[in-house]
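**Q** structure of the sequence below:
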Amino acid sequence: MGPDPHEIIAQGLGITRFFCEDENAYIARILYSAISEWTKTAVLDRNLEIESDSQDPRYAPYTRHHVTRKCNIILSTYLDLYPNVRRWFYPPEKQGIQPAKIIQERLEFSGFLVSGPDNTIQLPPDKYAKITNNLYLLRGTSFGREGKTYGLGWYVDGISESDTYPIEELFLIPQTDAKTIVLKYSKFARSEYTPNTTISDARRYFDPLSRRVFSESWDKSLCHPWKATVYRNNRDDYGFAKQENGMTYTHAFPDHIVKLQEVRRFMYGFRYLNHNPERAIITTYRDAIKIKLHSALPGREEMLFYMVAWPIRNILDRTEFITLPVFLPIITNILKNLNIQVVQDV
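**A** Model (predicted):
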């Protein structure tokens with residue numbers, strides 16, 4: 001008998017089993033990364049059944065829906081062979097998800113796929129981020145390039161230094177740490193606050209002294225009225241809030257801060273400024289590292305994590321990751337830039 005299908009895929013993607021993981025976790029990682037590469041392949045599909053004579057079929061790409069549907073079918077075929085990893089892709093507590101769509105959205109959010117005309121997506125021009133002297137993350141076309149997959153990212157070697165970018169620049173991650181961003185934005189917002197004469201029942205305030213996860217750290221009232229914090233009214237309305245002389249004042253965040261999931265950056269900064277920094281535990285194994293976060297990261301940092309690491313518990317996991325030790329310096333720097341206290345467990 002020849003090798004199992006997942007081992008053939010793993011060999012092509014350069015994925016090996018970690019000593020600290022079981023067989024099902026290993027297979028889930030392989031299939032997760034494989035669907036990422038299938039997504040990039042499906043983006044290049046071209047529709048040959050064009051009715052209009054004015055449209056060249058070579059340049060008629062399929063839509064996002066086609067890419068999602070095709071990759072979900074491919075994943076379904078894989079899962080027929082490996083039913084024990086189905087729960088990883090379809091966690092029972094979350095009904096109705098489409099794993100291929102989740103992967104596609106992560107690639108889009110991080111700039112590894114970009115929007116095209118008529119609801120299509122396409123690959124961006126090639127760019128490289130240096131990990132080490134012989135390892136570079138490629139954002140662009142990986143076809144015909146020898147390399148390996150880590151998480152959702154494709155990695156190559158032998159790139160000229162002049163063609164590379166810092167990984168923080170590739171993901172548009174601020175070089176200023178979270179607490180400094182809070183302080184700078186506080187100065188900007190100082191003259192922008194408006195009094196709230198009417199406050200909705202949905203209003204909640206982030207408690208920076210809470211030791212619970214972010215999602216459980218929202219209170220109905222300002223617990224510390226002498227300091228500013230983050231408020232929320234709904235999924236699209238966040239901003240700064242403070243209380244003075246019994247009156248509540250707020251300043252709404254611009255849309256881009258909310259849409260890019262940047263609100264968490266301010267929450268991390270407020271925790272640190274209140275001497276209550278978040279913690280992350282990094283455990284080192286023989287050939288792997290595991291990262292355990294207390295709360296999810298801001299959008300840009302989270303997408304970087306998905307490109308350098310695999311979520312552990314299921315495809316929706318946002319707080320536990322596994323990857324190779326080569327990524328430890330990058331991961332540590334990203335966490336410290338969010339004022340997260342990194343605890344290393346060897």
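**Q** next, the contact list for Val326, please.
**A** 131-132, 135 (C-beta atoms under 8 Å, 6 or more residues apart in numbering). Where you see a C-beta, it was placed from the backbone N, CA and C, and this is true even at glycine.
**Q** which PyMOL command selects the buried ones in the residues you listed?
**A** Burial among those is assessed by 16 or more other C-beta atoms under 10 Å; the matching PyMOL selection reads:
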select buried, resi 131+135
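**Q** okay if I get the contacts of Val326 as CSV plus distance to Trp88?
**A** Shown next, in CSV, are these (distance: C-beta to C-beta, whole Å):
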residue, distance to Trp88
Ile131, 26
Thr132, 29
Leu135, 27
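**Q** where is pLDDT lowest across the contacts of Val326?
**A** In terms of pLDDT, the least confident member of those is Thr132, at 88.
**Q** need the per-residue pLDDT for the closest residue to it other than its chain neighbours.
**A** Spatial nearest neighbour of Thr132, chain neighbours left out: Val326 (6.1 Å); criterion: C-beta to C-beta, 6 or more residues apart in numbering. What the model reports as pLDDT for Val326 is 96.
**Q** how close does Val326 get to Ile289?
**A** Val326 sits 9 Å away from Ile289, going by C-beta to C-beta, to the nearest Å.
**Q** for the two, list the residues in contact with both.
**A** Residues touching both Val326 and Ile289 (C-beta under 8 Å, 6+ apart): none.
**Q** so what's the residue count around Ile103?
**A** For Ile103, the neighbour count with other C-beta atoms under 10 Å is 25.
**Q** double-check that it belongs to a helix.
**A** Yes. The assignment for Ile103 is a helix, going by DSSP: H, G, I helix; E, B strand; the rest coil.
**Q** so Lys127 touches Leu170, yeah?
**A** Yes. Using C-beta atoms under 8 Å, Lys127 makes contact with Leu170 at a distance of 6.2 Å.
**Q** neighbour count: the two, which is higher?
**A** Leu170 (20 against 17).
**Q** out of the contacts of Val326, which sit inside strands?
**A** Using DSSP state E, the subset of the contacts of Val326 located in strands is 131-132, 135.
**Q** closest to Asp255 among the residues you listed?
**A** Among these, Ile131 lies closest to Asp255 (C-beta to C-beta), at 33.2 Å.
**Q** what sits against that closest one?
**A** Here Ile131 is in contact with 137, 155, 167, 308, 326-327, 330 (C-beta under 8 Å, 6+ apart).
**Q** and of those residues, the nearest to Gly96?
**A** Nearest member of these to Gly96, counting by C-beta to C-beta, is Val308, at 28.6 Å.
**Q** can you pull the contacts of the closest one?
**A** With C-beta under 8 Å, 6+ apart, Val308 has these contacts: 131, 137, 150-151, 153, 323, 327, 330-331.
**Q** most neighbours, which of those residues?
**A** That'd be Leu137 among the contacts of Val308, by other C-beta under 10 Å, with 28 neighbours.
**Q** surely it is in contact with Thr149?
**A** No. The pair Leu137 / Thr149 is not scored as a contact, 10.7 Å apart, by C-beta under 8 Å.
**Q** any idea how far Asn234 is from the residue nearest to Thr132?
**A** The gap separating Val326 from Asn234 is 41 Å, by C-beta to C-beta.
**Q** just the C-alpha atoms of whichever strand or helix holds Met303, please, in CSV.
**A** Here Met303, judged by DSSP states H and E, is contained in helix 299-308. Taking Å, rounded to 0.1, in the frame of the first residue of the first chain, the C-alpha atoms of helix 299-308 are listed here in CSV:
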residue,chain,number,x,y,z
GLY,A,299,-7.9,42.2,13.4
ARG,A,300,-4.5,42.9,11.8
GLU,A,301,-2.5,40.9,14.5
GLU,A,302,-5.1,38.1,14.4
MET,A,303,-4.7,37.7,10.6
LEU,A,304,-0.9,37.6,11.0
PHE,A,305,-1.3,34.8,13.5
TYR,A,306,-3.4,32.9,11.0
MET,A,307,-0.7,33.3,8.4
VAL,A,308,2.1,32.0,10.7
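**Q** looking at the helix or strand that that helix is followed by now, give me its mean pLDDT.
**A** Tracing the chain past helix 299-308, the next element assigned as helix or strand by DSSP H and E is strand 310-311. Averaging pLDDT along strand 310-311 yields 98.
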